[in-house]
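J.: Following is a predicted model, sequence given first.
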Amino acid sequence: MRILVIEDEEALALQIRHVLNSEKYLCDVAFDGMEGLDKIFDGEYDLIILDILLPKMDGIQVLKGIRSEGLTVPVLLLTAKDRVEDKVAGLDAGADDYLTKPFAIPELLARARSLLRRTSEVKSSTLSAGGIEVNTTTHEVFLRGKPVHLTAKEYAMLEFLLYNKNRVLSRLSIAEHVWGDTFDLFTMTNFVDVHIRNLRKKMDDDREKRLIQTVRGVGYIIRDEP
């Protein structure tokens, strides 16, 4: 599951991302409304956690922009405790739920799980390409029907590539998703390349065309087979 957090309090946004990553969700962050809306239109998300008070474009404007494009992704609003009018405006604009600041992280996770469950019946929990199948609920991986054991980092990398199938992902983007803020920018390329090599050993040994393809000077991509 892929989640976008749009929150201008950087420490809070990074804390939420860390918690969501620890729960095996893929999480992007944006620190203002315009950046958040750009990420929404450039990618596919299963849930958006959206603060109302944002620079450049407030959360209500972002929400209206999402719904005006016909996107049905669930949105969890983060609101100030004494701003009842914001809650009403957000729900009227198409929010699915709201959470009042300050909040407990377990409550945030519970709200996120609830919203994700609402859409799980209409979205497949299986990602696939080139004979690989990944069950994002159980984290099981199969190659032509046979189970494949992956480390946690290998699984996170493969799932991220499959969520973004047919889209080139930079090494930096992959590192941010898999390692969060713990990676060293100077060694990041080696970390990513080593894990890609390990994934290929487990999945590419007997295939003519690699599942994970290198785009020279950019990063990696998994493509649908024609």
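T.: Received the coordinates, thanks. Residues are numbered from 1 along each chain as shown.

J.: which residues of this structure score low on pLDDT?
T.: 81-83, 119-125, 180-189, 205-208, 225-226 (pLDDT under 70).

J.: how about the helices in it?
T.: Using DSSP state H, the helices assigned to the chain run over residues 10-22, 33-42, 59-68, 84-93, 105-120, 152-163, 171-179, 188-203.

J.: I174 touches F160, doesn't it?
T.: Yes: using Cβ atoms under 8 Å, I174 makes contact with F160 at a distance of 6.4 Å. Quick note: C-beta positions are derived from backbone N, CA and C, even for glycine.

J.: can I get the CA coordinates of stretch 216-226 in CSV?
T.: Written as CSV, here are the backbone C-alpha positions of stretch 216-226 (Å, rounded to 0.1, in the frame of the first residue of the first chain):
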residue,chain,number,x,y,z
ARG,A,216,21.4,3.9,-17.7
GLY,A,217,22.1,7.1,-15.8
VAL,A,218,18.6,7.2,-14.3
GLY,A,219,17.7,4.1,-12.3
TYR,A,220,15.5,1.0,-12.6
ILE,A,221,12.2,-0.1,-14.0
ILE,A,222,9.9,-3.2,-14.1
ARG,A,223,7.9,-3.3,-17.4
ASP,A,224,4.9,-5.4,-18.3
GLU,A,225,5.8,-8.0,-20.8
PRO,A,226,4.2,-7.5,-24.2
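
J.: my guess is V218 meets S173, correct?
T.: No: here V218 lies out of contact with S173, judged by Cβ under 8 Å, at a distance of 10.2 Å.

J.: Which one of the two is surrounded by more residues?
T.: Ranked by neighbour count (other Cβ atoms under 10 Å), V218 and S173 place S173 first, with 17 against 11.

J.: what about the more buried one, distance to Y163?
T.: Distance of S173 to Y163, given as Cβ to Cβ, to the nearest Å: 12 Å.

J.: still on that earlier bit, who's more crowded, I174 and F160?
T.: Counted by other Cβ under 10 Å, I174 and F160 do not tie: I174 has more neighbours, with 23 against 19.

J.: Show me how the record splits the chain into domains.
T.: 2-120, 126-222 (automatic domain parsing).

J.: if I pick I174, what's in contact with it?
T.: Residues near I174 by Cβ atoms under 8 Å, 6 or more residues apart in numbering: 157, 160-161, 192, 219-220.

J.: Is the residue nearest in space to the middle of the chain bridged to anything, and to what?
T.: For the chain, the residue nearest the mean C-alpha position is R2 (2.7 Å; Cα atoms, centre = their mean). On the basis of DSSP bridges, R2 is bridged to L26.

J.: ok, now which ones touch it?
T.: 25-28, 43-47, 163.

J.: For R17, state which of the residues you listed is nearest.
T.: Distance to R17, by Cβ to Cβ, is smallest for C27 among those, at 4.5 Å.

J.: give me the number of residues near the closest one?
T.: C27, neighbours per other Cβ under 10 Å, totals 25.

J.: Any idea how many residues pack against L47?
T.: By the other Cβ under 10 Å criterion, the neighbourhood of L47 contains 25 residues.

J.: ok, it to V215 distance?
T.: Distance, L47 to V215, by Cβ to Cβ: 29 Å.

J.: For ChimeraX, write the selection for the buried entries among the contacts of I174.
T.: Of these, the buried ones can be selected in ChimeraX as follows, counting by 16 or more other Cβ atoms under 10 Å:
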select :157,160,161,192,219,220
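
J.: Make JSON lines out of the contacts of I174 and add distance to K64.
T.: Putting the contacts of I174 into JSON lines (distance: Cβ to Cβ, whole Å) gives the following:
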{"residue": "M157", "distance to K64": "35"}
{"residue": "F160", "distance to K64": "29"}
{"residue": "L161", "distance to K64": "32"}
{"residue": "V192", "distance to K64": "37"}
{"residue": "G219", "distance to K64": "33"}
{"residue": "Y220", "distance to K64": "35"}
